[in-house]
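> just need the structure, nothing else, for what follows:
(chains A and B)
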Amino acid sequence: MSDLIRVSGLTREYEMGAETVYALRGVDLTIRRNEYLAVMGPSGSGKSTLMNLIGCLDSPTAGEYWLNGVEVSDMSDDELARVRNREIGFVFQTFNLLPRASSLHNVELPLIYAGVPAKERRVRAAEALQRVGLGDRMKHKPNELSGGQRQRVAIARALVNDPSILLADEPTGNLDSSTSAEIMNVFDELQALGQTIVMVTHEADISARAGRKVTLLDGLVHSDTTRAEAA
Amino acid sequence: MPFGEAIRMALRVIWTQKMKSAFSVVGVFIGVTFLIAVVSIVEGMNSYMTDRFANTLLGVNTFQLRRYPDFQVGNISRETWREWRRRPRITYDDARAVAAAITVPHTSGWESWNRGLIEYGGKVARDINLIGITEGYFDIKNWTIEQGRPFSAQEARTGQPVVVIGHELAERLFEDLDPIGREIRIRRIPYRVVGVVEPQGKLFTISLDKFVVAPALSPIKRYVNPPRVVDALLVKMNTVEDLQTAMAEAEAVMRSRRGLRPAQENNFSVETSEALLDFWGSINRVLMVALPGLVSISLVVGGIVIMNIMLMAVAERTREIGIRKSLGARRRDILRQFLVESATLAVVGAGIGVATGILLAGVVQATTFLPARVAPWSVVVGVLMGAGVGITAGLYPASRAARLDPVDAIRQE
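Residues are numbered from 1 along each chain as shown, chains lettered A, B, ... in the order given. Predicted coordinates for the structure are as follows:
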């Protein structure tokens, strides 16, 4: 298996007034294709910052980030937008669906920005929704769906453009335990199909499903353990 | 994102926020409505003035020789007025000499005029234009005789008591009877009706069909003017070039007859419908200069309103912008989304303004004498201005939206 993500000396500072806050102090991390990685750590440890950097929503202050053999750490805003569109699928704790748009339109959004023609877009979005078991909820708006269904729409949206990596930030944080289990099963299935997944979580039972667990503390990698049978 | 997609998306947003959208485009709507309605009415007046008013009163390629101008443009000072009243009147001999001196092909006619009443049987018609003319007048006015005939050169020369009357007057006096051959009385003197002129319609609200014309040398001459005096000599040419030549010749003849030295001004007036149209043109120009000012004020106000609405929209939808960015929207995608939205909003407002303006022009047309004609250019200008205002007003909010940081934006509640 090849390296999908290679991060070295990744640093991110924020200017807060006169003070400089270090969110990441030099993280080294390599993620291979089809890995299922859980990022853990107490709040303030820098896991959200790491997610934003890996997701190309943010640029590092220092360090290198190679994604799929391309250095993305010094890309422009628009180049990053293109990378987000093609390579990354986001699943957020709060779903982040457009409230006034149907499930289908929500799933179509990444394809719109990829410049896919309308007809093909609709077909692909519908397929993605069917894959997560929402073939009969295409015309529904987010407020007409349950939490679990919303997160499935978000997963369909994240996958519709066949990204290299699925980034999930506390994907079950707003769900009850049985729905959480459902969603986690979806992630398991995706990994079985070859999808690379990076998931931020602070719940131990969730991270236990991942093959590899990285713990951050004070902006540095504190531990990095791989489960024997998943490797 | 394709352009059509962006417009469809904008329309969806506008439709889901109908009330807010309606309020935000009021300024543009009023501006465009005003533009369309005023331009329609001015254009209508324009064609009315050119086709109807000026040419009805004075005729195409026609000049009038008078003591002083018939159409007074603007305020006439007391001195001017006094000078005009002191001028000698136009005599039969003046009129004949001028007509004889014109070298280009022409038709000429005299006109002397008074207002008075006429009688037929027991009926009286008041406020009738009583006009003494020569036979050329029929051609100059381009009148069509619907019944009977115009009076002949012979009748004109010998001053026979015959009359040709306007359509409305004929109806009023004779009702169902055949007017031809009947006798009407003007100041107790009987005249025989030989013809009726077909309806000339109205000028603004005044009927043009309440008149009587009689030969200038008939007994009517004592009623309309002092002896051997005419109000006007009308001369009609075939072309504008001939008109210029003829006017110069007429002026030369009159100056020599009046014994004016080169430094002295004319003590008579030679005027054409141009004078009248010039007057209208100056009013028109004032309107057309004032109009853009008024329209731009409401458009500027409209633009500011739209800009505020769009700033609010950007603030409200920060999270949406963040989501879109996380899914791969580039700056230019977001910029375009909000620009198209504000332009579409303004164009929808302008479109409703165009429709209302046309409607308003139609209402004015239907309920007043003012004619209205919708100018296609004003519709194009209205819609383009709407789009321009929308784009201009959207520029700042849209660029703010485009520059939002995705991490901050997506965290926004």
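> output the residue of the stretch 251-400 of chain B whose distance to chain A is smallest.
The minimum distance from the stretch 251-400 of chain B to chain A, using CB to the nearest CB, falls at B:Gly328 (2.3 Å). Bear in mind the C-beta positions are built from the backbone N, C-alpha and C, glycine included.
> how far off centre is the helix ranked longest in chain A?
For chain A, the longest helix by residue count, based on DSSP state H, is helix A:177-192. Centroid separation for helix A:177-192 versus its chain: 15 Å, with CA atoms, centre = their mean, to the nearest Å.
> same thing with stretch B:195-205?
On CA atoms, centre = their mean, the centre of stretch B:195-205 falls 19 Å from that of its chain.
> stretch A:206-223: which residues count as buried?
Neighbour counts over stretch A:206-223 (16 or more other CB atoms under 10 Å in any protein chain shown) mark A:206-207, A:209-216, A:219, A:221 as buried.
> where in the chain is pLDDT low?
If you meant another chain, say so; for now it's chain A. A:1, A:228-231 (pLDDT under 70).
> chain B is the one I meant
The low-confidence ranges in chain B, as defined by pLDDT under 70, are B:1-2, B:52-58, B:72-74.
> what does it put close to chain A?
Within chain B, the positions adjacent to chain A are B:1-2, B:5, B:12-13, B:16, B:319-320, B:322-333, B:406-407, B:410 by CB under 8 Å from any CB of the partner chain.
> how about the nearest residue to the most centrally placed residue in chain A, chain neighbours excluded?
Central residue of chain A (CA atoms, centre = their mean): A:Leu167, 1.1 Å from the mean position. Nearest non-adjacent residue to A:Leu167, counting by CB to CB, 6 or more residues apart in numbering or on different chains: A:Gly55, 4.9 Å away.
> check which residues of the helix or strand that B:Phe338 is a member of are buried.
Here B:Phe338 sits within helix B:331-367, counting by DSSP states H and E. Using 16+ other CB under 10 Å as the test for burial, helix B:331-367 gives B:331, B:333-354, B:356-358, B:360-361, B:364-365.
> need the strands for the stretch 51-200 of chain B, in chain order.
Assigned by DSSP state E, counting those that start in this stretch, the stretch 51-200 of chain B shows strands spanning B:62-66, B:90-91, B:106-120, B:123-133, B:145-148, B:162-166, B:183-186, B:189-197.
> ok, the most centrally placed residue in chain B to chain A distance?
Nearest residue to the geometric centre of chain B (CA atoms, centre = their mean): B:Met45, 2.1 Å. Taking CB to the nearest CB, to the nearest Å as the measure, B:Met45 falls 49 Å from chain A.
> so which bits of whatever helix or strand that residue lives in are buried?
Using DSSP H and E, B:Met45 falls within helix B:26-47. Of the residues in helix B:26-47, B:27-46 count as buried by neighbour count, 16+ other CB under 10 Å.
> thought B:Arg115 was touching B:Ala125?
No: contact criterion CB atoms under 8 Å: B:Arg115 and B:Ala125 do not qualify, at 11.5 Å.
> for the residue nearest to the centre of chain B, give me its contacts.
Residues in contact with B:Met45 (CB atoms under 8 Å, 6 or more residues apart in numbering or on different chains) are B:280, B:284, B:370-371.
> hmm, back to that, just checking, the residue nearest to the centre of chain A touches A:Leu53?
No: using CB under 8 Å as the test, A:Leu167 is too far from A:Leu53 to be in contact (10.6 Å).
> okay, the helix holding B:Met45 in CSV with CA atoms only?
In CSV, the C-alpha atoms belonging to helix B:26-47 read as follows (Å, rounded to 0.1, in the frame of the first residue of the first chain):
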residue,chain,number,x,y,z
VAL,B,26,-38.7,48.8,-4.6
GLY,B,27,-36.2,51.4,-5.5
VAL,B,28,-35.2,49.8,-8.8
PHE,B,29,-38.9,49.1,-9.5
ILE,B,30,-39.9,52.7,-9.0
GLY,B,31,-37.0,54.0,-11.1
VAL,B,32,-37.7,51.8,-14.0
THR,B,33,-41.5,52.2,-13.9
PHE,B,34,-40.9,56.0,-13.9
LEU,B,35,-38.5,55.7,-16.8
ILE,B,36,-40.8,53.6,-19.0
ALA,B,37,-43.9,55.6,-18.3
VAL,B,38,-42.4,59.1,-18.8
VAL,B,39,-40.5,58.1,-21.9
SER,B,40,-43.6,56.5,-23.3
ILE,B,41,-45.6,59.6,-22.7
VAL,B,42,-42.9,61.9,-24.0
GLU,B,43,-42.4,59.8,-27.1
GLY,B,44,-46.1,59.6,-27.6
MET,B,45,-46.3,63.4,-27.3
ASN,B,46,-43.4,63.7,-29.7
SER,B,47,-45.0,61.8,-32.5
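> ok, B:Val194 to B:Pro161 distance?
Counting by CB to CB, to the nearest Å, the gap from B:Val194 to B:Pro161 is 10 Å.
> now do the lengthiest helix in chain B: which elements does it pack against?
In chain B, taking DSSP H as the definition, the longest helix is helix B:273-316. When contacts are defined as 3 or more CB pairs under 8 Å, 6 or more residues apart in numbering or on different chains; DSSP states H and E, helix B:273-316 packs onto helix B:18-24, helix B:26-47, helix B:55-57, helix B:331-367, helix B:376-403.
> tally of neighbours for residue 99?
By default, I'm working from chain A. Counted with other CB atoms under 10 Å in any protein chain shown, the neighbours of A:Pro99 add up to 11.
> can you look at chain B instead?
Number of residues near B:Ala99 (other CB under 10 Å) recorded here: 22.
> I'd say it and B:Val235 touch.
Yes: applying CB under 8 Å, one finds B:Ala99 in contact with B:Val235, separated by 6.8 Å.
> shared neighbours of these two, anything?
Each of B:106, B:108 lies in contact with both B:Ala99 and B:Val235 under the rule CB under 8 Å, 6+ apart.
> would you mind giving the domain segments of chain B?
B:3-52+B:278-411, B:88-267 (automatic domain parsing).
> so how far is the shortest one off the chain centroid?
Average the C-alpha atoms of domain B:88-267, do the same for its chain, and the two points are 27 Å apart (CA atoms, centre = their mean).
> now the residue of chain A found nearest chain B: phi and psi?
The minimum distance from chain A to chain B, using CB to the nearest CB, falls at A:Asn85 (2.3 Å). Main-chain dihedrals, A:Asn85, degrees, to the nearest 10: phi -70, psi -40.
> then A:Gly17?
phi 70, psi -130.
> neighbours of it, how many?
If we define neighbours as other CB under 10 Å, then A:Gly17 has 6 of them.
> ok, and the most crowded of the contacts of B:Met45?
Most neighbours among the contacts of B:Met45, by other CB under 10 Å: B:Pro371, with 20 neighbours.
> thought B:Ser47 was touching it, still the case?
Yes: between B:Pro371 and B:Ser47 a contact is recorded at 7.2 Å, counting by CB under 8 Å.
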